[in-house]
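**Student:** Take a look and give me a structure for this.
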Amino acid sequence: MEALIAITLVAILLAAIVLAALGVSLAGLLQYRLSELLTPEARVVAVLGVIAAGALLSVVLTSRTLDDAQRDLANFIPFEDYAKGFAASRWLSLLLVGAALIEAIRGSLAAGRAAVPDPARPLLWAMFAYYVGTLFIQGAASEHPAFPHQSLYLPILLLAVYYQRIERLGAVFAAAKWALFALTAGSLAFAAVAPDFVLHRPEPGLIPGIQWRLYGLTEHANTIGPAALLAIVLELHSPSRNRTLRALHLAAAAGVLLLAQSRTAWAALLAVIVCVGVPLALLPARRSAERESSFRRAVWVLVVCMVSGIAAAISLFAFGGGEALVRALELDTFNGRRQIWELTVEAWRQNPLFGYGAEVWGTERQWQFHLFHVGHAHNQFVQTLGEAGLAGLALLCLYVGVLLRVAIFRFAASRGIVLALLMILLARFVTEAPMRSEGPLSWSAFLHVLILVVACHALRRPGGAATLESRTEAAAGPAARAAPETGAGALRVA
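**Tutor:** Reported below is the predicted structural model:
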């Protein structure tokens, strides 16, 4: 009797596995067929919508309290309140990655049949080298080998996005602006009706008289600050046709940018103004080859100066040369990040070429140093150095270098949008590690997808397309200028 029961249970289990496999296969086939009915723009809009929804759900579904006076700090474990939100968005993440994997396969097959080579292929190889290369290093060559399969999610998503050959960016920008407006306006609304949920207090910031910082519907002020700046950049680059809506977008984003009091976001704003706003203002209406070359050199100088200043500041604080400056500016050594950097560098020294491994800030080291709130090195370059050594850092620099080259050499054609988005990401590099640690349902992934989309679009468009389309619009008269936003945004970026 017991043997019969065991056999029955095994048969039921096998039948469930077979049915589940068939269900997954049918769902994948259905998604494969349905995606062919959608335009590339619609697919990217869907990806951005799912990422934004997941990022919002991972916070909104929690029961956190950011008022330190109302929680037991002696027994408080940072980010414990986020468990429910992350669990709720886990299935959404898996569905997104599964659909992205199918789309990546479909895109690769279509690319293999294409007769014309893709101009954006170097960007793909650089991205592939960074993500796959560092994963291989962590799993096979680091001091403490480990292979976190979750690290595959984001590159799969980016690979699927890469294969979307978008013709016009207007619809993508519009969807991104609406998602960011939901974040900024929702955060301000929660500040009015449920301040304990979105305002971390007491926390003195840079604005006199305000003893709190706006975390909003994100996990930290350094997350919502750059997101608000991203909303401003997109609205200025591709303005909404309705002036009232445009004013609402800008007002909500500016309010969040101010109240978050994020030095990272403010530094990114300065970088965007210096490296993008100023060159755009100096851009001549008609460019000869000499003028364009001179302009390109000017942009390179501005970018190199900004990057050099950031690198010098990091070196100053990371290697013990900035105590006097810290005391003078009351920066508290980048809010304690210097200690985290030093511990990460110590771990890297165990294996300089390939690093400590993926668990450089895993649970074991968190308990070892009693830094339970630390999930990464709070600097992308230091984090990569710790988890993948000099080899991984070289791969990261290769990927960033390719993106920067695209941003510079397609600056005029893209009206600076690639460089502006990249500046926001690089500013986050200084205090966070957004390339991998924040997962596919995060605002860093949202930004990364936008960067990849606009960079690939800039590379795939002919160099003179912007001028040609602008002349066509001018010749068409008011009817063309009154075109829907989906077309207007593309004219500005082509």
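**Student:** going forward, measure contacts and count neighbours with C-alpha atoms only.
**Tutor:** Fine.
**Student:** Could you export the helix or strand encompassing residue 268 as PDB, CA atoms only?
**Tutor:** According to DSSP states H and E, residue 268 maps onto helix 263-272. Output in PDB follows, covering the C-alpha atoms of helix 263-272 (Å, rounded to 0.1, in the frame of the first residue of the first chain):
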ATOM      1  CA  ARG A 263      24.600  65.300  -3.600                       C
ATOM      2  CA  THR A 264      24.900  62.700  -6.300                       C
ATOM      3  CA  ALA A 265      21.900  64.100  -8.200                       C
ATOM      4  CA  TRP A 266      23.200  67.700  -7.800                       C
ATOM      5  CA  ALA A 267      26.600  66.700  -9.000                       C
ATOM      6  CA  ALA A 268      25.000  65.000 -12.000                       C
ATOM      7  CA  LEU A 269      23.000  68.200 -12.700                       C
ATOM      8  CA  LEU A 270      26.200  70.200 -12.700                       C
ATOM      9  CA  ALA A 271      27.800  67.700 -15.100                       C
ATOM     10  CA  VAL A 272      24.900  67.800 -17.500                       C
END
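**Student:** After that helix, which helix or strand is next?
**Tutor:** Per DSSP H and E, the first helix or strand lying C-terminal to helix 263-272 is helix 278-282.
**Student:** who does that next one touch, helix- and strand-wise?
**Tutor:** Applying 3 or more C-alpha pairs under 8 Å, 6 or more residues apart in numbering; DSSP states H and E, one finds that helix 278-282 makes contact with helix 289-318.
**Student:** what's the pLDDT at the most centrally placed residue in the chain?
**Tutor:** For the chain, residue 444 is the residue whose C-alpha lies nearest the centre (C-alpha atoms, centre = their mean; 2.4 Å). Per-residue pLDDT puts residue 444 at 93.
**Student:** Once you drop chain neighbours, what's closest to it?
**Tutor:** Of all residues not flanking residue 444 in the chain, residue 434 sits nearest, at 5.8 Å (C-alpha to C-alpha, 6 or more residues apart in numbering).
**Student:** how about the strands in this structure?
**Tutor:** For the chain, the strands defined by DSSP state E cover 199-200, 213-214.
**Student:** Remind me what the last one packs against, helices and strands.
**Tutor:** Think strand 213-214. By 3+ C-alpha pairs under 8 Å, 6+ apart, strand 213-214 packs against strand 199-200, helix 243-260.
**Student:** Poorly predicted segments of the stretch 101-250 of the chain, please.
**Tutor:** Within the stretch 101-250 of the chain, not a single segment meets pLDDT under 70.
**Student:** try 80
**Tutor:** 114-115, 149, 204-206, 208 (pLDDT under 80).
**Student:** in the stretch 301-450 of the chain, what spans have low per-residue confidence?
**Tutor:** Ranges of the stretch 301-450 of the chain meeting pLDDT under 80: 301-337, 370, 372-374, 436-438.
**Student:** Can you list the residue ranges for helices in it?
**Tutor:** 323-329, 332-348, 363-369, 380-409, 411-414, 417-431, 443-460 (DSSP state H, counting those that start in this stretch).
**Student:** To residue 181, which of those helices lies closest?
**Tutor:** Closest approach to residue 181 among the helices of the stretch 301-450 of the chain is made by helix 443-460 (12.9 Å; C-alpha to C-alpha).
**Student:** and the closest one, how far out from the chain's middle?
**Tutor:** 9 Å (C-alpha atoms, centre = their mean, to the nearest Å).
**Student:** Could you number the chain from 59 rather than 1 from now on?
**Tutor:** Happy to do that; since the first residue is 59 now, the last one works out to helix 501-518.
**Student:** so how far does stretch 183-202 reach from one end to the other?
**Tutor:** Distance across stretch 183-202, first residue to last, is 27 Å (C-alpha to C-alpha, to the nearest Å).
**Student:** buried set for that stretch?
**Tutor:** The neighbour-count check on stretch 183-202 (16 or more other C-alpha atoms under 10 Å) flags 184-189, 191-197, 199-202 as buried.
**Student:** Extract the CA atoms of stretch 441-457 and return them as CSV.
**Tutor:** What follows is stretch 441-457, C-alpha atoms only, in CSV (Å, rounded to 0.1, in the frame of the first residue of the first chain):
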residue,chain,number,x,y,z
GLN,A,441,32.7,47.4,-6.3
THR,A,442,33.9,46.0,-9.6
LEU,A,443,37.5,46.0,-8.4
GLY,A,444,36.4,44.1,-5.3
GLU,A,445,34.3,41.5,-7.0
ALA,A,446,36.3,41.0,-10.3
GLY,A,447,39.7,42.6,-9.8
LEU,A,448,41.7,44.5,-12.3
ALA,A,449,40.4,42.3,-15.1
GLY,A,450,36.8,43.2,-14.3
LEU,A,451,37.6,46.9,-13.8
ALA,A,452,39.2,46.9,-17.3
LEU,A,453,36.0,45.3,-18.8
LEU,A,454,33.9,48.0,-17.0
CYS,A,455,36.1,50.8,-18.4
LEU,A,456,35.8,49.2,-21.8
TYR,A,457,32.0,49.3,-21.7
